[in-house]
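Asker: 3D, please:
(one chain, ligands or ions: 1)
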Amino acid sequence: MQYINGTRAEDLTNDGIFAKQRAVVPFWALALSATAKRLARLVVWLVRTVWRHPLTTAALFAVALVWVEFGRRGLLGVLGLAMLSLSGWLWRSPASFDARVVRPLRGWWRWLTFYRVVWYPVMHGTGLTRTTPDRTIYTPTVTSVSSTRVVDTIGLRLIHGHTPEDFHTQAEGLRHAFRAHRLTVVQTAPGRVELRVFARDPLTKPIPATPIERIPAVPDLLSLPVGLTEAGDVYRVPLLGDHKLIAGKTGAGKGSVQWSILRALGPGIASGLVCVTGLDPKGGMELYPGRALFAYYGDQDGEQMAQVIEAAADRMTARAKRLRDAGLRKHVPTVDDPFEVIVIDEVAFLTAYHPDRKIRDRVKAALSLLLSQGRAPGFAVIASLQDPRKETLPFRDLFPTRIALRLAEDSHTDMVLGDGAQDLGAACHLIPDTLPGVAYVRTETANEPVRVRFSWITDQDITEAATRWPAPAPVSAGARVIDLAARDRSGSPGFPGQRSGAGPIESESPPGA
Ligand SMILES: Nc1ncnc2c1ncn2[C@@H]1O[C@H](COP(=O)(O)OP(=O)(O)OP(=O)(O)O)[C@@H](O)[C@H]1O
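Answerer: Coordinates of the predicted model:
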């Protein structure tokens with residue numbers, strides 16, 4: 001037999017030397033194979049959907065069963081019952097109804113009508129797809145979408161080899177592609193990230209203070225409502241087991257952070273569950289209007305304020321010893337043994353700017369003790385400053401929660417919030433001066449900073465809170481305290497209804513007293 005270029009010569013007869021041989025497949029075979037492929041895909045999709053949505057499948061199965069067994073009437077009855085249960089759920093717990101029903105449904109709709117259409121072009125355009133050598137293209141898998149009017153939260157499974165940083169790098173590209181106001185990337189688990197796509201900014205208008213009658217009678221020390229998040233939810237902060245550093249330029253709204261927290265603590269202050277110390281190196285300009293809330297207070301000279309903070313550190317040490325002797329590792333706040341909060345406005349004045357080095361050293365020693373050992377025995381420090389450099393507050397790393405309002409320079413963001421905060425989307429130097437009270441908050445439990453706005457607490461709100469929730473007499477025996485509030489209220493030194501053993505000492509007069 002003769003071969004030409006490896007092909008039998010007889011096969012090339014009448015076809016010319018360059019003709020290719022083709023196998024002729026009958027049409028019915030082609031149609032059969034295409035149908036079989038589609039059927040196989042349908043079965044795979046069905047199995048996968050049933051596996052991924054067992055509850056929905058069970059519900060649909062039950063509905064079908066009712067229809068078969070009881071006909072149309074039975075079905076209407078079941079649907080009526082379902083509507084009634086959903087209404088009951090909405091009435092009893094609107095928050096969980098919103099989270100479990102409204103947000104996923106809205107997310108599903110957003111996925112179908114928007115993200116699904118643009119998903120591949122956007123991922124490809126931002127370089128977040130991966131092509132294998134056999135030219136198969138992989139895109140990150142969307143595992144969930146839930147939406148509010150403000151934000152779409154898209155859960156993603158990363159492609160092998162991708163990291164959350166790849167998404168952080170492309171965040172700006174994604175934001176423009178999705179036509180969003182802001183976009184953040186949050187790692188939720190190894191190999192998983194969440195894209196938060198913000199359609200608009202709910203923080204452009206001041207957040208009014210919670211009406212006084214709606215503030216809970218017993219504050220939840222692990223979840224105090226203090227403002228609004230950029231997702232439009234109430235922003236809550238824990239105070240038990242925490243210290244908070246507040247940094248911001250003058251006029252950035254540091255006062256609103258302090259007062260939002262103090263106001264939420266109000267009923268606890270009045271009942272004695274929470275005991276607050278106030279230090280205001282600006283001569284009382286910030287804290288004095290609410291002085292009745294403070295069991296211990298100082299706003300005059302460095303000596304006075306050093307005494308107040310040293311007294312707090314002494315109480316902390318004494319309590320820690322007491323707990324240790326009782327074999328306890330954690331303090332549980334009670335009226336007899338309250339949770340203590342030390343609020344220091346413009347702390348840099350005491351730690352860096354005060355002309356007397358001895359005062360600075362005494363304050364730094366007491367403050368570092370409270371910060372390093374105060375959490376377990378039930379002491380929390382809330383300190384604010386304008387200049388976040390290390391020289392002004394050497395132990396800023398001891399604050400688990402950092403709140404950065406508008407800052408003077410871009411480098412200050414990482415100084416306050418920690419390394420990489422700016423890369424993660426915190427742009428404190430870009431917060432406009434028209435948005436006082438807007439801040440980025442980073443906690444020790446979450447890497448990604450959260451953008452929030454604290455409630456705007458007016459002078460009237462402060463006076464109202466101080467009148468309604470004055471602090472009772474402190475109970476710590478022998479504490480070296482300077483109390484101006486009680487003296488003002490009673491018109492005499494000491495506390496009305498003071499317990500035996502309590503030892504307020506007299507100090508200088510408050511401004512305007
Ligand atoms: N959360 C807020 N919402 C709306 N406006 C606010 C808010 N906080 C503060 N403001 C406005 O900004 C002004 C300055 O706020 P604030 O005095 O709290 O700033 P600050 O950072 O404490 O400044 P300074 O360091 O000079 O004391 C307030 O008078 C108020 O008008």
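
Asker: Nearest residue to the single nearest residue of the stretch 301-450 of the chain relative to the ligand in space, please, no chain neighbours.
Answerer: With C-beta to the nearest ligand atom, the shortest gap between the stretch 301-450 of the chain and the ligand falls at Gly437, namely 2.1 Å. Where C-beta positions appear, they are placed from N, C-alpha and C, glycine not excepted. Using C-beta to C-beta, 6 or more residues apart in numbering and skipping residues adjacent in sequence, the residue nearest Gly437 is Gly253, 3.8 Å away.

Asker: and the residue nearest to Val101 when sequence neighbours are not counted, what element?
Answerer: In space, Val101 comes closest to Leu86 once its chain neighbours are excluded; the distance is 7.2 Å by C-beta to C-beta, 6+ apart. Here Leu86, judged by DSSP states H and E, is contained in helix 54-92.

Asker: chain center to that helix: distance?
Answerer: 37 Å (C-alpha atoms, centre = their mean, to the nearest Å).

Asker: how about whatever helix or strand comes next after that helix: buried residues?
Answerer: Using DSSP H and E, the next helix or strand after helix 54-92 towards the C-terminus is helix 94-97. Residues of helix 94-97 classed as buried: Phe97 (neighbour count, 16 or more other C-beta atoms under 10 Å).

Asker: List the contacts of helix 94-97.
Answerer: Helix 94-97 has contacts (C-beta atoms under 8 Å, 6 or more residues apart in numbering) with Leu86, Trp89, Leu90.

Asker: For the ligand, see how far away the residue nearest to Val101 is.
Answerer: Computed as C-beta to the nearest ligand atom, to the nearest Å, the Leu86 to the ligand distance reads 37 Å.

Asker: Now for that residue, how many residues are close by?
Answerer: Neighbour count for Leu86, taken as other C-beta atoms under 10 Å: 12.

Asker: likewise Arg192?
Answerer: 16.

Asker: what bridges to the residue nearest to it when sequence neighbours are not counted?
Answerer: Closest residue to Arg192 in three dimensions, ignoring its sequence neighbours and counting by C-beta to C-beta, 6+ apart: Arg157, at 6.0 Å. Note on Arg157: beta-bridge partners Thr141, Arg192, judged by DSSP bridges.

Asker: got it, and Ala383?
Answerer: Going by DSSP bridges, Ala383 is paired in beta bridges with Leu245, Ile344.

Asker: Report the contact partners of it.
Answerer: Taking C-beta under 8 Å, 6+ apart as the test, what Ala383 contacts is His243, Lys244, Leu245, Ile246, Val343, Ile344, Val347, Leu367, Leu393, Phe399.

Asker: got those as JSON lines, with neighbour count columns?
Answerer: Converted to JSON lines, the contacts of Ala383 look like this (neighbours: other C-beta atoms under 10 Å):
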{"residue": "His243", "neighbour count": "23"}
{"residue": "Lys244", "neighbour count": "24"}
{"residue": "Leu245", "neighbour count": "25"}
{"residue": "Ile246", "neighbour count": "30"}
{"residue": "Val343", "neighbour count": "27"}
{"residue": "Ile344", "neighbour count": "29"}
{"residue": "Val347", "neighbour count": "25"}
{"residue": "Leu367", "neighbour count": "28"}
{"residue": "Leu393", "neighbour count": "25"}
{"residue": "Phe399", "neighbour count": "21"}
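
Asker: hmm, back to that, let me see the backbone angles for the residue nearest to Gly437.
Answerer: When read as degrees, to the nearest 10, the backbone of Gly253 gives phi 110, psi 30.

Asker: Next one, pLDDT for it please.
Answerer: On the pLDDT scale, Gly253 is placed at 93.

Asker: What residues does the residue of the stretch 301-450 of the chain closest to the ligand make contact with?
Answerer: Pro206, Ile207, Gly227, Gly253, Ser256, Val257, Leu405, Arg453, Phe454, Ser455, Trp456.

Asker: Which residue is the nearest non-sequential neighbour of His161?
Answerer: Careful, residue 161 is Gly and not His. Using C-beta to C-beta, 6+ apart, the closest residue to Gly161 is Arg130 (6.7 Å).

Asker: For the one you found, the count of nearby residues, please.
Answerer: By other C-beta under 10 Å, 15 other residues sit near Arg130.

Asker: contacting residues around it?
Answerer: Ile137, Tyr138, Ile159, His160, Gly161, His162.

Asker: Apply 7 Å and report the result again.
Answerer: Neighbour list for Arg130: Tyr138, Ile159, Gly161 [criterion: C-beta atoms under 7 Å, 6 or more residues apart in numbering].

Asker: same thing with Thr49?
Answerer: Contacts of Thr49 (C-beta under 7 Å, 6+ apart): none.

Asker: Run the chain-centre distance for stretch 367-378.
Answerer: That offset, for stretch 367-378, works out to 23 Å (C-alpha atoms, centre = their mean).

Asker: Leu228 touches Arg236, doesn't it?
Answerer: No - between Leu228 and Arg236 there is no contact, the gap being 10.5 Å when judged by C-beta atoms under 7 Å.

Asker: More neighbours: which of these two?
Answerer: Leu228 (20 against 14).

Asker: Mind pulling up the pLDDT for the more buried one?
Answerer: 95.

Asker: mean confidence score for the helix or strand containing Leu183?
Answerer: Assigned by DSSP H and E, Leu183 belongs to strand 182-189. If you average the pLDDT over strand 182-189, you get 90.

Asker: Same question for that strand: list its buried residues.
Answerer: Those would be Arg182, Leu183, Thr184, Val185, Val186, Gln187, for strand 182-189 by 16+ other C-beta under 10 Å.

Asker: Now do that strand: which elements does it pack against?
Answerer: When contacts are defined as 3 or more C-beta pairs under 7 Å, 6 or more residues apart in numbering; DSSP states H and E, strand 182-189 packs onto helix 164-169, helix 171-177, strand 192-198.

Asker: Fine by me, thanks again.
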